[in-house]
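>>> structure for this input, please:
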Amino acid sequence: MQLKDYLGQEKIIASLKQAVDNNELSHAYLFVGPEGSGKRTLADIFAKMVLCKGEGEKPCELCNACLTVDAGSNFDVIDVVAEKLRLNPKGSKTISVDDIRERVTASVSIKPNGDKKIYILDGAEKMDAKAQNALLKTLEEPPEYVIIILISSSKEAMLQTIMSRVLCYEFKPVETARIENYLVNKKQIPSHIARMSARFSQGVVGEAILFALSDEFEEERKKVVELVSKIDRMTAEDILSYASVYKASSTAKKEEKDDGEKPKRGAKTAEKAERRELRSRTDDFLDLLELFFRDIFVYKGSENDELISFSDDLMIVREVAEEKSAEAIAHILDAIREAKARIKANLPMDGVMEMLLLKMRER
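Here you go, the predicted structure:
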């Protein structure tokens, strides 16, 4: 991605550009923020700034250094995790002390082709204490040509000794209106989808893009609207049937019961993957359901269409806002938040959903 197409984090970009322009580069950086906040993308852009050989503002996006960074073929940019997975695609995704020794410590003494050698370590929160301590040795006495960019979703996961030797940049949420505009104008996303995706993303641009382009996200949105439109007419049997969709399968247990032997590892792995997928879909559904009822609550008090995320479903928003009292809508929002907390506590999802639907129908 080119710098002109990058959205947000203006203060960080200005600081990095100043460091490049004044030749005041640190030997180590830490980019911290949620998944999808643009940390890795900006790390690549920063690498281009540092290595760029073009004239004028950097990165020029035209020189060989810029083009090879974009192509992932610049020998002076080492992606520590990508190299590990390339050599062992089925290996562990955690970053071990051996990974640091083999892919950082063992190669820092090899001089770069150009002026700088940049290590990008994405998922730095996956390093255990031993791995971080191994990296610390390089951070304490780095060659003058080495720059290390750590990318982490959690500052707390990093040892204090690491934190004391890096320049830390925390990635902030981007304004919803800017994300919405970006999706419409840069990604050609329909306005109603762009608005919902932007608001649902909580300021994380990458998440907004994923939501906007995801068929599954659109399906969950439709399910939410359909449920809200019919909940008052659902019988107890309807609710039980609806909630049963959220019951995790028991493939491994069934195997054991059928043949008396312990289930194969593959069956257990498949079941775990299915449970994770179901949990992820349920989390998204409840987040969307909460957003929809927030829309209804807001419209109840303002009757302002511009404040509504579900702009393509205004008719239903208006109908429910008219039918229900503000107290009833607030009660449903409380019930949704309670359901989310119960699922986070690993209670059975089908039981949690059944209880939620019953509470929604009461109101």
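
>>> give me the buried positions along the one helix or strand residue 282 maps to.
According to DSSP states H and E, residue 282 maps onto helix 265-302. Buried residues in helix 265-302, counted by 16 or more other CB atoms under 10 Å: 267, 271, 278-279, 281-282, 284-300. Placement of C-beta: from N, CA and C, glycine included.

>>> go on, stretch 110-117?
112, 114, 116, 117.

>>> tell me where the protein has strands.
Ranges of strands in the chain, per DSSP state E, are 28-32, 77-79, 117-122, 146-152, 167-170.

>>> in a markdown table: these, plus distance to residue 13 and mean pLDDT.
Listed next are the strands of the chain as a markdown table, based on distance: least, CB to CB, whole Å; pLDDT from 0 to 100:
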| stretch | distance to residue 13 | mean pLDDT |
| --- | --- | --- |
| strand 28-32 | 12 | 97 |
| strand 77-79 | 19 | 93 |
| strand 117-122 | 17 | 95 |
| strand 146-152 | 14 | 96 |
| strand 167-170 | 10 | 96 |
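
>>> okay, the ones you listed in JSON lines with distance to residue 181 next?
Listed next are the strands of the chain as JSON lines, based on distance: least, CB to CB, whole Å:
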{"stretch": "strand 28-32", "distance to residue 181": "24"}
{"stretch": "strand 77-79", "distance to residue 181": "32"}
{"stretch": "strand 117-122", "distance to residue 181": "28"}
{"stretch": "strand 146-152", "distance to residue 181": "27"}
{"stretch": "strand 167-170", "distance to residue 181": "24"}
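
>>> so where's this structure uncertain?
Applying pLDDT under 70 to the chain flags the ranges 82-93, 248-270, 363.

>>> care to break it down by domain?
Domain ranges of the chain: 3-170, 214-362, per automatic domain parsing.

>>> how about CSV for those domains, with distance to residue 182 added?
Conversion of these to CSV gives the following (distance: least, CB to CB, whole Å):
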stretch, distance to residue 182
domain 3-170, 5
domain 214-362, 16
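
>>> show me the one of those domains that comes nearest residue 208.
Among the domains of the chain, domain 3-170 comes nearest to residue 208, with 8.0 Å by CB to CB.

>>> what about the closest one, start to end distance?
18 Å (CA to CA, to the nearest Å).

>>> equivalent analysis for stretch 150-164, please.
With CA to CA as the measure, stretch 150-164 spans 13 Å from end to end.

>>> rewinding a little: max pairwise distance over the buried residues of stretch 110-117: which two?
Spatial extent of the buried residues of stretch 110-117 (CB to CB) is set by the pair 114 and 117 at 8.2 Å.

>>> what residues are shared contacts of those two?
Taking CB atoms under 8 Å, 6 or more residues apart in numbering as the criterion, residue 114 and residue 117 both touch residue 76.

>>> neighbours around the closest residue to residue 297 other than its chain neighbours, how many?
Excluding its sequence neighbours, the residue lying closest to residue 297 (CB to CB, 6 or more residues apart in numbering) is residue 329, at 4.7 Å. Other residues near residue 329 number 22, with proximity taken as other CB atoms under 10 Å.

>>> correct me, but residue 329 touches residue 301?
No: counting by CB atoms under 8 Å, residue 329 does not reach residue 301; the two are 9.7 Å apart.

>>> I'd like the distance between the nearest residue to residue 46 once chain neighbours are set aside and residue 25.
Excluding the flanking residues, the one nearest residue 46 by CB to CB, 6+ apart is residue 16, at 5.3 Å. Distance of residue 16 to residue 25, computed by CB to CB, to the nearest Å: 9 Å.

>>> what does residue 313 give?
As defined by CB to CB, residue 313 lies at a distance of 50 Å from residue 25.

>>> ok, residue 290 - contacts?
Residues near residue 290 by CB under 8 Å, 6+ apart: 333, 336, 337, 340.

>>> in JSON lines: those residues, plus neighbour count and distance to residue 325.
What follows is the contacts of residue 290, written out as JSON lines (neighbours: other CB atoms under 10 Å; distance: CB to CB, whole Å):
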{"residue": "333", "neighbour count": "16", "distance to residue 325": "13"}
{"residue": "336", "neighbour count": "21", "distance to residue 325": "17"}
{"residue": "337", "neighbour count": "12", "distance to residue 325": "19"}
{"residue": "340", "neighbour count": "18", "distance to residue 325": "23"}
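
>>> so which of those belong to helices?
Here DSSP state H is the test, and the contacts of residue 290 give 333, 336, 337, 340 as lying in helices.

>>> nearest to residue 34, of the residues you listed?
When these are ranked by distance to residue 34 (CB to CB), residue 340 comes first, at 17.8 Å.

>>> list the contacts for the closest one?
Residues near residue 340 by CB under 8 Å, 6+ apart: 283, 286, 287, 290.

>>> same list (these) but as a markdown table, adding distance to residue 71.
Below are these laid out as a markdown table (distance: CB to CB, whole Å):
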| residue | distance to residue 71 |
| --- | --- |
| 283 | 36 |
| 286 | 41 |
| 287 | 37 |
| 290 | 42 |
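
>>> if anything else comes up later, I'll come back, but that's it for now.
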